[in-house]
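Visitor: test case, fold it:
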Amino acid sequence: MKRIHLLSFLVILFLSGQIIAQQVNITGKVTDIANGSSLPGVTINIQGKTGGATADGEGKYAISADAADVLIFSSTGYRSIIAAVGGRSEINVAMEVGGI
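Guide: Okay, the predicted model is just below:
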């Protein structure tokens, strides 16, 4: 009986780890907060990981990340934006002039 409980516990533990680490396909659009225009060329990185994405000519992007990841949006001349994924499949951001 103890072996069945131990085995059940291990299976539940393994499955919960798989759920937490699931990849989410995220899409969105990056705009200028002042006038709502699209911002092409914005870099989207996952905090603490390599790789990332770049917004296209219309400010649209697509990236895969874990639900627990944090995205960092950056572009020369704009303040960076940090956004937690939290399982969302769409993250739109409006950037403000003033960054480095």
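Visitor: right, and residue 46 touches residue 65 too?
Guide: Yes - with contact defined as CB atoms under 8 Å, residue 46 counts as touching residue 65 (5.2 Å). Just so you know, the C-beta spots here come from the backbone N, C-alpha and C atoms, and that holds for glycine as well.
Visitor: please enumerate the shared neighbours of these two.
Guide: residue 71 (CB atoms under 8 Å, 6 or more residues apart in numbering).
Visitor: these two: which has the busier surroundings?
Guide: Per other CB atoms under 10 Å, whichever of residue 46 and residue 65 has more neighbours is residue 65, with 23 against 19.
Visitor: and the longest strand seen in the chain, what does it pack onto?
Guide: As assigned by DSSP state E, the longest strand anywhere in the chain is strand 23-32. Here strand 23-32 touches strand 60-66, strand 93-95, going by 3 or more CB pairs under 8 Å, 6 or more residues apart in numbering; DSSP states H and E.
Visitor: pick the most buried one from these.
Guide: Of all these, strand 93-95 has the most neighbours on average by mean count of other CB atoms under 10 Å, namely a mean of 19.
Visitor: residues contacting residue 96?
Guide: 33, 34, 78, 79.
Visitor: let's see it at 7 Å
Guide: 33, 78, 79 (CB atoms under 7 Å, 6 or more residues apart in numbering).
Visitor: before we move on, what about residue 47?
Guide: Residue 47 neighbours (CB under 7 Å, 6+ apart): 69, 70, 72.
Visitor: distance of it relative to residue 66?
Guide: 11 Å (CB to CB, to the nearest Å).
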